[in-house]
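K.L.:
Predicted model and sequence below, questions to follow.
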Amino acid sequence: MAINGVLRIGLVQIRVLDLEKTLEHYTKRVGLMEVGRTSDGRVLLKGYDEFDHHSVTLRKADSAGLDFVAFKADNEATVNRVVAETKAKYPSWKIEEIAAKSDQPGFGRRFSFAASTGHSIHLYSEVEMAKETPQIVNPHIWVEEPKGMAPRGLDHCLLYGNNAGETIQWFREVVGFAMAECVYKPDGSILVAWLTGSNKAHDVAILDYNLPGKLHHVGFNLEDWNAIGHAADIIGRYGISLDIGPTRHGITRGQTIYFFDPSGNRNETFAGGYSYSPDQPLRHWDADHVGEGIFYYDKVLNDRFLSVVS
């Protein structure tokens, strides 16, 4: 299908407690590439198969969590449309313009939206290419052998926050994302939605929660099930804090393993999953089947997965 409008997730800024220890986790164990540092000490990272300047920023802070998640649009006209429609339809949402290269090297201007879930959601269209990108002429599968878990790039994130229905509606009606899958509460309202801007199963998932602005996990894309197993080997070898897996989702059908960085932010390595098309019907789950939807094999949700957020 033609992919236009707001295309995909593009950037996350994560708060970390111990910058150097957490950086070692993301570079040596997960396998992201360090591409630079800012004057205030933040570290910029990317996957080996990404063209954009960077996709992950680490910022040292007193608490772990997510500063913001940003989505990439196809052009400035799309950005302007989303800003105008948000002002008209969601007047209570605070919107701010962030000047080009003011805080994220290589990035053009961004707009931040204070979503009803308490998250800062950004939108942009312009970003410079990284110095080290995939080849485009007679390309090899990679330039240098990928390190660690070998993440191809940033895949998605799961956000926990209150009044999630309004943010889900904004993504669908204004941003233009499709809801590929969801879980319904007994009263028929949406507990969690998986939203996509392309043919992926999801770029972002949003869960209705009793606290605002929480991060459940940031997901990185791996090549296949064997790569998920290799990630598990690294977790075992280096004593990384494991949440659950390797296993498989019923929702999205993705193959997965969850673990924590040294600051307590949950990571996911994700492979596979179905291809979405907007002519497909909505896949949906009842609340009493959510265990099977999240962990297809054992069909049980552990308390840590449900309650530990940053």
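P.N.:
It's in. Numbers count the residues shown, from 1 in each chain.
K.L.:
taking the mean pLDDT, what do you get for the longest strand that the chain contains?
P.N.:
Criterion DSSP state E: the longest strand present in the chain is strand 6-16. Mean per-residue pLDDT for strand 6-16: 97.
K.L.:
who's in contact with the residue nearest to Ala232 when sequence neighbours are not counted?
P.N.:
Nearest in space to Ala232, with sequence neighbours left out and distances taken as Cβ to Cβ, 6 or more residues apart in numbering, is Pro246 at 5.0 Å. In short, each C-beta sits where N, CA and C put it, glycine included. By Cβ atoms under 8 Å, 6 or more residues apart in numbering, Pro246 lies in contact with 225, 228-229, 231-232, 255-257.
K.L.:
Arg15 now?
P.N.:
Listed by Cβ under 8 Å, 6+ apart, the contact set of Arg15 reads 59-61, 63-67, 263, 265, 310.
K.L.:
Now which of those would you call buried?
P.N.:
59-60, 64-67, 263, 265, 310 (16 or more other Cβ atoms under 10 Å).
K.L.:
now Val174: how far from Lys200?
P.N.:
Distance, Val174 to Lys200, using Cβ to Cβ, to the nearest Å: 20 Å.
K.L.:
the strands in the stretch 101-250 of the chain, which residues?
P.N.:
Secondary structure of the stretch 101-250 of the chain (DSSP state E, counting those that start in this stretch): strands at 110-114, 120-124, 153-161, 178-184, 190-196, 204-208, 214-221, 242-248.
K.L.:
Now the fourth one: buried residues?
P.N.:
The one in question is strand 178-184. By 16+ other Cβ under 10 Å, the buried positions in strand 178-184 come out as 178-184.
K.L.:
Could you dump the buried ones among the contacts of Arg15 into JSON lines and include secondary structure?
P.N.:
Output for those, formatted as JSON lines (DSSP: H, G, I helix; E, B strand; the rest coil):
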{"residue": "Arg59", "secondary structure": "strand"}
{"residue": "Lys60", "secondary structure": "strand"}
{"residue": "Ala64", "secondary structure": "coil"}
{"residue": "Gly65", "secondary structure": "strand"}
{"residue": "Leu66", "secondary structure": "strand"}
{"residue": "Asp67", "secondary structure": "strand"}
{"residue": "Ser263", "secondary structure": "coil"}
{"residue": "Asn265", "secondary structure": "coil"}
{"residue": "Ser310", "secondary structure": "coil"}
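K.L.:
Lowest pLDDT pick from those residues?
P.N.:
Lowest pLDDT among the buried ones among the contacts of Arg15: Ser310, with 93.
K.L.:
Identify each buried residue in the helix or strand just after the longest strand of the chain, please.
P.N.:
The first helix or strand that comes after strand 6-16 along the chain, using DSSP states H and E, is helix 19-24. Buried residues in helix 19-24, counting neighbours by 16+ other Cβ under 10 Å, are found at 19, 22-23.
K.L.:
packing partners for helix 19-24?
P.N.:
Counting contacts by 3 or more Cβ pairs under 8 Å, 6 or more residues apart in numbering; DSSP states H and E, helix 19-24 is packed against strand 56-60.
K.L.:
list the contacts for Ala77?
P.N.:
No residues are in contact with Ala77 under the rule Cβ under 8 Å, 6+ apart.
K.L.:
Thr269 versus that one, what's the distance?
P.N.:
Separation of Ala77 from Thr269 (Cβ to Cβ) stands at 35 Å.
K.L.:
Tell me who's in contact with Gly65.
P.N.:
Contacts of Gly65 (Cβ under 8 Å, 6+ apart): 14-15, 213-215, 265, 310.
K.L.:
Find the nearest non-adjacent residue to it, please.
P.N.:
Spatial nearest neighbour of Gly65, excluding adjacent residues (Cβ to Cβ, 6+ apart): Ser310 at 4.4 Å.
K.L.:
Is that neighbour in contact with Asn265, as I believe?
P.N.:
Yes. Contact status for Ser310 versus Asn265: in contact at 4.9 Å, counting by Cβ atoms under 8 Å.
K.L.:
Please enumerate the shared neighbours of the two.
P.N.:
Residues touching both Ser310 and Asn265 by Cβ under 8 Å, 6+ apart: 15, 64-65, 215.
K.L.:
sorry, back to before: who wins for most neighbours among the contacts of Pro246?
P.N.:
Using other Cβ atoms under 10 Å as the neighbour test, the contacts of Pro246 are led by Ala231, with 29 neighbours.
K.L.:
need the contact list for that one.
P.N.:
By Cβ under 8 Å, 6+ apart, the residues touching Ala231 are 149, 222, 246, 257, 269.
K.L.:
What's the separation between it and Pro262?
P.N.:
For Ala231, the distance to Pro262 - Cβ to Cβ - is 16 Å.
K.L.:
With Ala205 instead?
P.N.:
Distance of Ala205 to Pro262, computed by Cβ to Cβ: 24 Å.
K.L.:
The two: which is more packed in?
P.N.:
Higher neighbour count among Ala205 and Pro262: Ala205, with 26 against 20, using other Cβ under 10 Å.
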